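> Next comes the sequence, and after it the predicted model I'd like to discuss.
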Amino acid sequence: MQAIARTVLLKLVRGALMVWAVATFTFFLVHALPGDPGGVAYEGYIAQGLSPQEAKAKVALIYGFTSKDPVVRQYADYLGDLVHGDLGVSISYSGVTVSSVIGNALPWTLIPILTGLLISFLIGVSAGVVAAVQRSSRWGGALSLSASVIAGIPSFVLAILLTTVFYTNLGWLPFGDTYSLDVEPGWNTPFIGSLAYHAILPVATYVLISYGGWLLSMRSSVASVLGDDFILASELRGIAPRTRLRYIGRNAILPLFTTLAIACGYLFGGAILIENAFNYPGLGRLLLESIGSRDYPLMTGAFLLITIAVVIANILADLLYSVIDPRVRR
């Protein structure tokens, strides 16, 4: 039990160090970008007749920093606020806290990502088993070919293709809104149905960009399991093909559970292009808007959240694999 606690603690410490390293790198990278909205606001207050001290105090009161402060001091203040869970105040959202802005955008990213990832995992794993077991048939070859082709298409290209076909040409699916304006927001069936209807295109894109990887990974894993001794023993004992296929699937899917947790974290980064293509108000589009407006606190907060998602996903992947596979625990 103590060994497990030490392992978990070590992974958490490593994750915290990774978050700190990325937060530090992101802070200085963001401040190295051209443009300074805090400085623009400072100069604007000077033009209004305020003294330099008054202008600096006003910018610092609203934004928490000003370009007239040394970067090292800004960094120290940033880390101190970060320890207390304070991500600062957004510049482009008129002084609203970064936590509130990100909190409003996060569900529009989290729900489509998790939905698309789960659907793609189930479809890809099932198709991967069929592609491996029937790899000599046309059906197995067609599945493998479809996975290879789809996996090679960039996510934003898939988003554009789906939009062109199902919105522009056919007019079957909506684009650009999260729900219809004629429904009342709340926990009611029309609103939830409208949310699901407007999320079809983003979710379908997440499914397609992940489907090929799951299929090819599962096919490779099944192919390696097919050569194990227990498969030969089951054939010699006359076990039914369906039961044998279930044994193959259970053993082949173990490595993919680790990949599933990691993919959940990395899809947050892929959401930037997809949400921008669909004009979907999630974390990805919020990050692009913050870059365009040079909103330092919002940029660092969004980058930090994506980093934390990836780090947590990797930690969960390691812990999950040790739980589902007794050989790893031993």
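Sure, I can see it. Remember, predicted model here, so these are calculated numbers, not experimental data.
> Give the buried residues for the lengthiest helix in the chain.
Counting residues, the longest helix found in the chain (DSSP state H) is helix 98-133. By neighbour count on 16 or more other CB atoms under 10 Å, the buried set for helix 98-133 is 98-99, 101-102, 105-106, 108-113, 115-121, 124-125, 127-133. In short, each C-beta sits where N, CA and C put it, glycine included.
> Can you name the element that comes right after that helix?
Heading C-terminal from helix 98-133, the first helix or strand you meet, by DSSP states H and E, is helix 138-151.
> which is the next helix or strand following that next one?
Immediately after helix 138-151, counting by DSSP H and E, sits helix 155-163.
> now that following helix: mean pLDDT?
For helix 155-163, mean pLDDT rounds to 86.
> re the thing from before, the longest helix of the chain packs against which elements?
helix 138-151, helix 200-225, helix 241-252, helix 254-278, helix 283-292, helix 296-324 (3 or more CB pairs under 8 Å, 6 or more residues apart in numbering; DSSP states H and E).
> now that helix against helix 254-278, angle please.
When axes from the mean of the first three to the mean of the last three CA atoms, to 10 degrees is applied, the directions of helix 98-133 and helix 254-278 differ by 130 degrees.
> how far is helix 98-133 from where the chain is centred?
Counting by CA atoms, centre = their mean, to the nearest Å, helix 98-133 is centred 9 Å from the centre of its parent chain.
> Just put the helices and strands packed on helix 98-133 in CSV and tack on distance to Glu184, mean neighbour count and mean pLDDT.
Listed next are these as CSV, based on distance: least, CB to CB, whole Å; neighbours: other CB atoms under 10 Å; pLDDT from 0 to 100:
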stretch, distance to Glu184, mean neighbour count, mean pLDDT
helix 138-151, 38, 15, 84
helix 200-225, 21, 22, 85
helix 241-252, 45, 15, 73
helix 254-278, 24, 20, 76
helix 283-292, 25, 22, 81
helix 296-324, 30, 20, 78
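> Which among those is found nearest to Leu29?
Leu29 lies closest, by CB to CB, to one member of these: helix 296-324, at 8.7 Å.
> starting at the chain centroid, how far to the closest one?
Mean C-alpha position of helix 296-324 versus that of the full chain (CA atoms, centre = their mean) differs by 9 Å.
> which helices and strands sit right next to that helix?
Helix 296-324 packs on helix 2-31, helix 98-133, helix 254-278, helix 283-292, helix 326-329, going by 3+ CB pairs under 8 Å, 6+ apart.
> Report the mean per-residue pLDDT for the shortest one.
Averaged over helix 326-329, pLDDT sits at 59.
> residues contacting the spatially most central residue of the chain?
By CA atoms, centre = their mean, the chain has its centre lying nearest to Phe268, at 1.7 Å. Phe268 makes contact with Thr109, Ile113, Leu283, Gly284, Leu305, Ile306, Ala309, Val310, according to CB atoms under 8 Å, 6 or more residues apart in numbering.
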